[in-house]
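**Student:** fold the following and give me the result.
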Amino acid sequence: MGADLYVWCEEFRKWDEMMEEYLDVRDESIADEAHKIYEELEKNGMYFRDSYNMTNLLWWLGLNYGRWFAQFENEDDIVPPEKCKEIKEIVLQRAENIKHTKEQKEKYEQAFGSYQRAKQYFDEKLKEFVKFLDKCIEYGGMYASY
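**Tutor:** Residues are numbered from 1 along each chain as shown. Just a heads-up that it's a prediction; the model follows:
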C-alpha cells in the first residue's frame, strides 16, 4: 500500500480512462494497452510512488497524505500547479530542518542499517520528488491516489 502520484497530463488521463473501461468490460487488450501507457509514465518521471513503510518520504518529513497532503487537492481531487509549488516549498523547508527523536532515529537505524544510510536514501528520494513536482507544475498539476 502507498501513495500513487501522477502528473496531470494527457497520457495519465488516457491511462485512467482505459483502466475504468477495463474494469467495466475486463478486456485484456485494454489492460495491455493501459500497461504500456503506465510504463511510459513511469519511465518519463510522470509517476511517483511513496509506499506506506519506513521508506515513506512524507513520514520521514513528519507529514502524511491523508491529512496534510489532502488539503492541497481541489474539488476534482487534482492538486493544481500553484499548490504543487507550495508542496515543493514545504517539503524542501522540512528537509532542511528535519529533527527526528531518538526513537525515530532508532527505527530508521533498524530499517536501513544506520541513520546515515536512511538520510542518504531520503535525500535521493527528495530529489526525485522535487523533479516530479516540477513536472506537475509544468504540465498542469497532479492526481494522487492514497
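
**Student:** by mean pLDDT, point me to the weakest helix or strand of the protein.
**Tutor:** Within the chain, judged by mean pLDDT, DSSP states H and E, the helix or strand with the poorest mean is helix 10-25; its value is a mean of 73.

**Student:** mind saving the C-alpha coords of that helix as PDB?
**Tutor:** What follows is the C-alpha trace of helix 10-25 in PDB, where atoms were taken according to Å, rounded to 0.1, in the frame of the first residue of the first chain:
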ATOM      1  CA  GLU A  10      -2.900  13.800 -21.300                       C
ATOM      2  CA  GLU A  11      -1.100  10.500 -21.000                       C
ATOM      3  CA  PHE A  12      -2.400  10.000 -17.500                       C
ATOM      4  CA  ARG A  13      -5.900  10.900 -18.400                       C
ATOM      5  CA  LYS A  14      -5.800   8.400 -21.300                       C
ATOM      6  CA  TRP A  15      -4.500   5.700 -19.000                       C
ATOM      7  CA  ASP A  16      -7.100   6.500 -16.300                       C
ATOM      8  CA  GLU A  17      -9.900   6.300 -18.900                       C
ATOM      9  CA  MET A  18      -8.600   2.900 -20.200                       C
ATOM     10  CA  MET A  19      -8.400   1.500 -16.700                       C
ATOM     11  CA  GLU A  20     -12.000   2.500 -16.000                       C
ATOM     12  CA  GLU A  21     -13.000   0.900 -19.300                       C
ATOM     13  CA  TYR A  22     -11.100  -2.300 -18.400                       C
ATOM     14  CA  LEU A  23     -12.800  -2.500 -15.000                       C
ATOM     15  CA  ASP A  24     -16.200  -2.300 -16.800                       C
ATOM     16  CA  VAL A  25     -15.500  -4.900 -19.500                       C
END
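
**Student:** and the helix or strand following that helix, what does it pack onto?
**Tutor:** Later in the chain than helix 10-25, the nearest helix or strand by DSSP states H and E is helix 28-43. Using 3 or more C-beta pairs under 8 Å, 6 or more residues apart in numbering; DSSP states H and E as the contact criterion, the elements in contact with helix 28-43 are helix 10-25. C-beta: built from backbone N, CA, C; applies to glycine.
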